[in-house]
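no sequence for this one, just the structure:
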C-alpha cells in the first residue's frame, strides 16, 4: 500500500512566526509517527523560513519511520544530508528564493550535475528521488542519472481534478508507467488532499509514497492532528478497495 509521509514545514512556519518553540516541531513529528504516518518529510531552504538546519539534526534523533529530506542540491544542502544521512533525499530544482516547488527537473538538461549528485548520495547509502513533471518523455533521462525514484509533481492534477479527473490523471498514469519500465519507483506530492487523494492512489497502483504537508496541516486546524493523519491513511486504504 502507498505510504503516507507528512511534510511538517508548515508547523515550523507557524513556530517561526512568533519565535520560541510553540508549536514544538519535534513533538509534532513524534506524535505524527505515533498516529500512524509512515514518514516525515522536510524541505530546509537556505533562508530557513520554516525548517531550520538545526531542526534537521534534531529530527534525525527522533524520526523512527522514513526520513525524507527535500531540497535543491547546492553545497550547503549536500553537506547537510551527508551529515544526517536520511532514508531518502528528494532533489527539487527550486532556485533559492522560490515560495514553493513549482516545477520538476529537466533531467536531460541537467544530466551531468544530477548524475554526479545522485551517485554521491547513493554511495553514502541514501535513496534518491527526482521531482518530475508528469511528462513521460523525461523519465528516461531521469533514469540515466541513477536515481531510485521519481516524485510526480501533482499540482496540475489537483487543479484539474474538480473538472475532469480522468483527463487530469492521464499524464500521471503515463509517466508512472514509463517510470516502472525504466526501473524507477514512483512517489508523488504537492496539493494532494482529502478530496483527490483516493482517486490518485487508485489510478496509480504502483505508487509507493505520497508526501503531504500544506493540506494535511490545514485540515488539522479543523479536525485535530491525530484525526487528520487517520483520515489521510483511510483515504489511501480506500484506494485499495475495487
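Thanks, I have it. Only a predicted model underlies this, so the values are computations on that prediction, with no experimental measurement involved.

where exactly do the strands run in this protein?
3-7, 39-42, 66-71, 88-91, 127-132, 149-153, 185-189, 207-212 (DSSP state E).

select, out of these, the one closest to residue 21.
The closest of the strands of the chain to residue 21 is strand 39-42. By Cβ to Cβ, the value is 16.5 Å. In this view, the C-beta of every residue, glycine as well, is placed from N, C-alpha and C.

so what does that closest one touch, helix or strand wise?
Packed against strand 39-42, as judged by 3 or more Cβ pairs under 8 Å, 6 or more residues apart in numbering; DSSP states H and E, are the following elements: strand 3-7, helix 25-34, helix 53-60, strand 66-71, strand 207-212.

now do the first one, average pLDDT.
The average of the pLDDT scores along strand 3-7 is 98.

need the residues that contact it.
Strand 3-7 is contacted by residues 32, 36-43, 65-66, 68, 189, 208-214, 216, 229, 232-233, 236 when judged by Cβ atoms under 8 Å, 6 or more residues apart in numbering.

buried among the residues you listed? Make that a ChimeraX selection.
Buried members of those, defined by 16 or more other Cβ atoms under 10 Å, are picked up in ChimeraX with:
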select :32,37,38,39,40,41,42,43,65,66,68,189,209,210,211,212,213,214,216,229,232,233,236
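
can you put the strands of the chain in TSV and add distance to residue 82?
TSV is the format used below for the strands of the chain (distance: least, Cβ to Cβ, whole Å):
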stretch	distance to residue 82
strand 3-7	21
strand 39-42	16
strand 66-71	11
strand 88-91	10
strand 127-132	13
strand 149-153	20
strand 185-189	22
strand 207-212	22
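
out of these, flag the one nearest residue 20.
strand 39-42 (19.5 Å).

what's the closest non-adjacent residue to the residue nearest the centre of the chain?
By Cα atoms, centre = their mean, the chain has its centre lying nearest to residue 211, at 3.9 Å. Nearest residue to residue 211, sequence neighbours excluded (Cβ to Cβ, 6 or more residues apart in numbering): residue 189, at 3.6 Å.

any low-confidence regions in the chain?
95-102 (pLDDT under 70).

select the longest helix from it.
helix 165-181 (DSSP state H).

what does that helix rub up against?
132, 134-136, 138-140, 142-143, 149-150, 152, 154, 156-157, 159-161, 185-186, 188, 196, 199-200, 203-204, 206-207.
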